[in-house]
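> 3D, please:
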Amino acid sequence: MKILVINCGSSSLKYQLMDMTDESVLCKGAIERIGLKINGGEENVIVKVNGEKYTYDKELPTHTDAFNEVKYILSESEYKVINSFNEIDAIGHRVVQGGDKYTDSVLIDAEVEKNIEELSPLAPLHNPANLQGYRACLEIVGPDIPQVAVFDTAFHSTMPAKAYMYAVPYEYYEKYGVRRYGFHGTSHKFVSHRVAEKMGKDIKDIKTITCHLGNGSSIAAVKYGKVVDTSMGFTPLDGFMMGTRSGGVDPSVVTFIEKKLGISPDEMDTILNKKSGVNAISGISSDDRDICAAQAEGNERAILAHEMQAYEIAKFIGSYVAAMNGVDAIVFTGGIGENGVWLRSKICSYLGYLGVHINENINEKTQKGAEAELTDPLDKVRVFILATDEELTIARDTAAIVSAL
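Sure thing, here's the model as predicted:
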């Protein structure tokens with residue numbers, strides 16, 4: 001079975017074709033700057049096949065044009081890996097917000113399409129783009145190839161009301177769906193299952209805290225295979241400080257700054273989402289590599305940004321240990337989770353009360369994409385670095401649904 005995974009943004013389309021017989025990646029890549037003018041030498045089409053990377057430029061006005069280019073790349077171009085698009089058994093789409101309606105992945109039909117659109121106010125930057133991807137595929141390949149929606153929020157749908165409700169007037173939940181949803185669900189799902197495999201345990205027998213750390217970051221408490229709490233909330237802004245996001249702040253800070261600066265809620269939203277976090281504290285960058293370099297040179301604000309980040313993450317881990325009444329494994333994943341040597345070490349330095357003492361030599365030598373255990377397998381609480389694979393999670397869910405048709 002061959003599954004094509006599609007992840008659409010407002011001006012981008014990422015794709016990955018997988019052969020599910022051995023879960024191998026046949027081809028993957030991205031198309032960027034959809035609907036935008038391409039300047040000379042700006043190669044916006046990326047193709048990765050057989051370990052090689054190819055790029056070229058092409059103006060693609062719509063997502064339909066972009067998907068048609070993907071179809072050409074996979075089945076007609078010099079990089080082709082299949083002879084016909086008919087070899088593809090199904091298409092799996094990343095959809096950010098499933099709300100209360102979808103607690104699992106689902107085959108897309110007219111009703112599902114309508115519901116995803118109705119949920120767009122909860123994810124205005126993502127759901128409309130995700131739908132564009134689905135509609136582009138439908139326009140090019142028609143209804144013969146089944147398409148599946150895999151929701152970022154679905155894995156978190158097992159949270160109890162005591163974890164997902166906010167202490168605001170109850171009618172806001174009833175009328176507007178104001179509650180904690182959580183995000184990065186496909187990543188948390190993948191690594192929580194993967195760590196169970198690494199430990200030789202059934203996921204239903206362990207308590208895990210998964211730390212997806214990147215420019216956007218979130219932590220989940222996974223108790224016996226089910227999420228009981230997660231750091232991101234109504235939107236991906238909640239939680240702890242990220243690359244350009246503030247994470248949780250006193251709500252009065254928001255209204256105070258709005259009044260002081262005389263700015264609108266939309267302008268405040270931009271400040272909190274795009275002008276805050278590590279970027280704001282360091283005054284340097286939102287890229288962790290830049291922060292690490294500045295920290296090594298003794299830059300005080302870079303040091304402060306990293307110290308704040310590690311401290312906030314350690315606090316979330318501690319709260320989730322309490323929420324689950326214990327923990328068996330802590331997992332670091334994502335771009336920073338896999339690369340952040342200093343950050344992992346600093347976070348773990350707060351966890352001595354759990355008996356956590358990591359092997360710093362292993363910590364320093366582990367590179368992105370590798371798997372490693374930082375603790376002794378006999379330790380009560382074990383710490384792992386695991387590479388996430390959200391596309392594989394989407395492909396697996398899509399294959400399971402299509403196989404059952």
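> list the contacts of the helix or strand hosting Lys175.
Here Lys175 sits within helix 170-176, counting by DSSP states H and E. For helix 170-176, the external contacting residues (C-beta atoms under 8 Å, 6 or more residues apart in numbering) are 165-166, 178-179. Where you see a C-beta, it was placed from the backbone N, CA and C, and this is true even at glycine.
> just the buried ones from the residues you listed?
Neighbour counting with 16 or more other C-beta atoms under 10 Å marks 178-179 as buried within these.
> list just the nearest of the contacts of helix 170-176 to Pro121.
Val178 (11.1 Å; C-beta to C-beta).
> tell me the spacing between the closest residue to Glu307 other than its chain neighbours and Ser285.
Excluding the flanking residues, the one nearest Glu307 by C-beta to C-beta, 6 or more residues apart in numbering is Lys346, at 7.5 Å. With distances taken as C-beta to C-beta, to the nearest Å, Lys346 is found 19 Å from Ser285.
> on that earlier part again, would you turn the contacts of helix 170-176 into CSV with pLDDT, distance to Leu354 and secondary structure?
Shown next, in CSV, are these (pLDDT from 0 to 100; distance: C-beta to C-beta, whole Å; DSSP: H, G, I helix; E, B strand; the rest coil):
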residue, pLDDT, distance to Leu354, secondary structure
Met165, 98, 28, coil
Tyr166, 98, 29, coil
Val178, 96, 34, coil
Arg179, 97, 30, coil
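> which two in the contacts of helix 170-176 are spaced the farthest apart?
Checking these with C-beta to C-beta, the most distant pair is Met165 and Val178, at 9.1 Å.
> returning to that earlier point: and the helix holding Lys175, what's buried?
Tyr173.
> what do you get for stretch 118-138?
Buried, per 16+ other C-beta under 10 Å, within stretch 118-138: 119-120, 122-123, 126-127, 129-138.
> which among those residues gets closest to His212?
Out of the buried residues of stretch 118-138, the member with the shortest distance to His212 (by C-beta to C-beta) is His126, at 16.4 Å.
> which residues touch that closest one?
9, 95-97.
> surely Arg337 meets His212?
Rather than Arg, residue 337 is Gly. Yes - with contact defined as C-beta atoms under 8 Å, Gly337 counts as touching His212 (6.5 Å).
> ok, the two, which is more surrounded?
His212 (29 against 26; other C-beta atoms under 10 Å).
> which residues of the stretch 1-150 of the chain fall in strands?
2-8, 13-19, 24-31, 45-49, 52-56, 90-95, 106-107, 147-151 (DSSP state E, counting those that start in this stretch).
> which one of the ones you listed lies nearest to Leu392?
strand 13-19 (7.1 Å).
> just how off-centre is that closest one within its chain?
16 Å (C-alpha atoms, centre = their mean, to the nearest Å).
> that strand pairs with which strands, parallel or anti?
strand 2-8 (antiparallel), strand 24-31 (antiparallel) (DSSP bridges).
> okay if I get the ones you listed as JSON lines plus mean pLDDT and mean neighbour count?
Output for the strands paired with strand 13-19, formatted as JSON lines (pLDDT from 0 to 100; neighbours: other C-beta atoms under 10 Å):
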{"stretch": "strand 2-8", "mean pLDDT": "96", "mean neighbour count": "24"}
{"stretch": "strand 24-31", "mean pLDDT": "96", "mean neighbour count": "18"}
